[in-house]
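Trainee: what follows is a protein structure lacking sequence information:
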């Protein structure tokens, strides 16, 4: 029903160098929005529709971050696909509640790592926790991205297509070495997932 709009959305994401995952997520959020409107024609959408939808999502208990994600998806549709002017006074983004993350104790981290039965999984847990890298970054990690001499990990094309460096802990390095020796197979990526 809305395929031509979704194809246009994918094209607009592509020309703005947004990932296909972003396009897929936007489309999924827009499907929820269109279902909420009763499958209204896209040409008949208004800013008030977007405002009411997001307000209802917030009233249903969704976090402000999730509501802002719906906002971003619908805003992208309106601005770049439908060419409907977007007014943030009518459909504002929500202020986010900032909470400090819960930091695990050393004992809790060790317990988490030791709960894994395979060395591969132990190395993954240790690396993710100590470096702060994302799962999507981990799966594209190559052996040459591990710099033992400087105790760093090079992350290529992370979030927002940015390259960055992160730290490598001694514990994670020890587990990575053990994992590497236990699977002596030539491979392009560090982890088989």
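Mentor: Looks like it arrived, so ask away. Note that the structure is predicted; figures quoted are calculated from it, not measured. Residues are numbered from 1 along each chain as shown.
Trainee: going forward, measure contacts and count neighbours with C-alpha atoms only.
Mentor: Fine.
Trainee: helix or strand for residue 26, which one?
Mentor: helix 20-36 (DSSP states H and E).
Trainee: list the buried residues of that helix.
Mentor: By neighbour count with 16 or more other CA atoms under 10 Å, helix 20-36 contains the buried residues 23, 26, 27, 29, 30, 33, 34.
Trainee: where's the closest residue to the first one other than its chain neighbours relative to residue 117, distance?
Mentor: Meaning residue 23. Leaving out its chain neighbours, the residue that sits closest to residue 23 by CA to CA, 6 or more residues apart in numbering is residue 10, at 5.7 Å. Residue 10 sits 41 Å away from residue 117, taking CA to CA, to the nearest Å as the criterion.
Trainee: got it, and residue 182?
Mentor: From residue 182 to residue 117 the distance is 14 Å (CA to CA).
Trainee: which residues of this structure score low on pLDDT?
Mentor: Residue ranges of the chain with pLDDT under 70: 192-193.
Trainee: could you list the domains of it?
Mentor: 3-82, 106-182 (automatic domain parsing).
Trainee: out of these, which is closest to residue 191?
Mentor: domain 106-182 (6.5 Å; CA to CA).
Trainee: can you get me the start-to-end distance on the closest one?
Mentor: For domain 106-182, the end-to-end distance is 26 Å (CA to CA).
Trainee: quick check: closest non-adjacent residue to residue 34.
Mentor: Closest to residue 34 by CA to CA, 6+ apart is residue 40, at 6.6 Å.
Trainee: going by residue numbers, what spans are helices in this protein?
Mentor: Ranges of helices within the chain are 3-15, 20-36, 47-59, 64-76, 106-115, 119-131, 135-139, 170-182, based on DSSP state H.
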